[in-house]
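Colleague: the following comprises the amino acid sequence and a computationally predicted model.
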Amino acid sequence: MVIKMGSFKDKVVVVTGAGGGLGKAHAIEFAKRGAKVVVNDLGGSDDGRGKSDMADLVVDEIHSFGGEAIANKASVADKKGAQSIVDDAVNTYGTLDILVNNAGILRDKSFKNMDMGDWDIVMNVHLNGTSYVTKAAWDIMWRKSYGRILFTSSTSGIFGNFGQANYGAAKMGMLGLMNVLAIEGLSKNIRVNTLAPDAETRLIATIPGAQVNPDNPDPMRHPKLVSPAVLLLCDEDAPTNKTVHAGNGKFACSATYINEPLNFSADVTYEDLLERKSELFDMSNAQEMSGLLRVQQMLSEQMNADNSD
């Protein structure tokens, strides 16, 4: 039975890479709450090769409990394919409210041994693919003055991880894209956030030394334990410009901090900065900072100035 509750009833949701793992879990949770879901998945292997009918199987599962869903098997890394994902949502359900960018692949190697073709394909799927689908969705959300967009990042980008230079760079790019779009979407009620998930999936299973079974994940490492954060970041009262870490029954938020600047005169030299090196790297009094916070501060100052006139 569909759980028609909360703010998702009749919302139109696109989830990319939803043929298994995290994306499948997200799609099912939206559908259980009455959302109409476009399940996108090329159906390729963990490194992006091949195709399959994974998306159809997820749609069948959603239909089995009375939910609404359609399948789309386009590649997000193809501009026309990315557009078709959004077009399918609009042509079938009339609009698009929520976009969860989840599609991804791995081509892990140390940077020294990495073929730049593997760099390109990972960047194309993760960063370019996310941008292509988001651009197709953005125009619709802009016109209707409503939208919720989620990017899927990773601690491999936020904090770093050996052997994942391509993946880490692409995933850190999600934060840059979020930072800008959260500002640009502010006046149009388009809220943009980023997820850093942790779960047993087929991508994690490819990492050397990983002891996981994506077909039968540990209950505390199941992808569905990430989905509550996804729904929270996409509901009516969603924040914007937030990065949430989710998995293993744990949820946390990370942010960018900056310390007080060191002030010098116009003739500052390397030696001057060297003398104050310890101060430069002292983060004990750092404060959270983002472009959105600066914009909000400017708007607040302008409002206060207008009220005082």
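Modeller: Yep, it's here.
Colleague: which helices and strands does the strand or helix carrying residue 141 pack with?
Modeller: In the assignment (DSSP states H and E), residue 141 maps to helix 129-144. Here helix 129-144 touches helix 79-93, strand 98-101, strand 147-152, helix 165-184, strand 190-197, going by 3 or more CB pairs under 8 Å, 6 or more residues apart in numbering; DSSP states H and E. All C-beta atoms are positioned from the backbone trio N, CA, C, and that covers glycine.
Colleague: distance from that helix to the middle of the chain?
Modeller: Offset of helix 129-144 from its chain centre (CA atoms, centre = their mean, to the nearest Å): 14 Å.
Colleague: repeat that for stretch 242-261.
Modeller: Distance, centroid of stretch 242-261 to centroid of chain: 14 Å (CA atoms, centre = their mean).
Colleague: what's the separation between the residue most central in space within the chain and residue 191?
Modeller: The chain has residue 151 as the residue nearest its centroid, 1.4 Å off, counting by CA atoms, centre = their mean. If you measure residue 151 against residue 191 using CB to CB, to the nearest Å, the figure is 12 Å.
Colleague: also residue 127?
Modeller: 20 Å.
Colleague: how far off strand 147-152 does the helix holding residue 141 point, in degrees?
Modeller: Orientation check (axes from the mean of the first three to the mean of the last three CA atoms, to 10 degrees): helix 129-144 against strand 147-152 gives 170 degrees.
Colleague: and the angle from helix 129-144 to helix 79-93?
Modeller: Going by the same axes, to 10 degrees, helix 129-144 makes 40 degrees with helix 79-93.
Colleague: so for helix 129-144, mean pLDDT?
Modeller: For helix 129-144, the per-residue pLDDT values average out at 97.
Colleague: buried stuff in it?
Modeller: 129, 130, 131, 132, 133, 134, 136, 137, 138, 140, 141, 142 (16 or more other CB atoms under 10 Å).
Colleague: now swap in stretch 76-96 and tell me
Modeller: Judged by neighbour count using 16+ other CB under 10 Å, the buried positions of stretch 76-96 are 76-77, 79, 81-89, 93, 96.
Colleague: of residue 127 and residue 191, give the one with the bigger neighbour count.
Modeller: residue 191 (25 against 21; other CB atoms under 10 Å).
Colleague: list the contacts for that one?
Modeller: For residue 191, the contacting residues are 147, 148, 149, 182, 185, 238, 239, 240, by CB atoms under 8 Å, 6 or more residues apart in numbering.
Colleague: and the fourth one, how many residues sit next to it?
Modeller: Close neighbours of residue 182, defined as other CB under 10 Å, add up to 23.
Colleague: got any ranges where the stretch 51-200 of the chain has weak pLDDT?
Modeller: For the stretch 51-200 of the chain, the stretches with pLDDT under 70 are 51-52, 106, 108, 200.
Colleague: ok, now with 80
Modeller: Applying pLDDT under 80 to the stretch 51-200 of the chain flags the ranges 51-52, 105-111, 114, 119, 123, 157, 160, 163, 199-200.
Colleague: quick one, domains of the chain?
Modeller: Domain assignment of the chain by automatic domain parsing yields the ranges 12-254, 257-308.
Colleague: so which of the ones you listed is the most surrounded?
Modeller: Across the domains of the chain, the average number of neighbours (mean count of other CB atoms under 10 Å) peaks for domain 12-254, which reaches a mean of 20.
Colleague: now do the end-to-end distance for that domain.
Modeller: End-to-end distance for domain 12-254: 29 Å, by CA to CA, to the nearest Å.
Colleague: can you start the count at 48 instead of 1 from here on
Modeller: All set: I'll call the first residue 48, so the last point we hit is now domain 59-301.
Colleague: cheers, nothing more for now.
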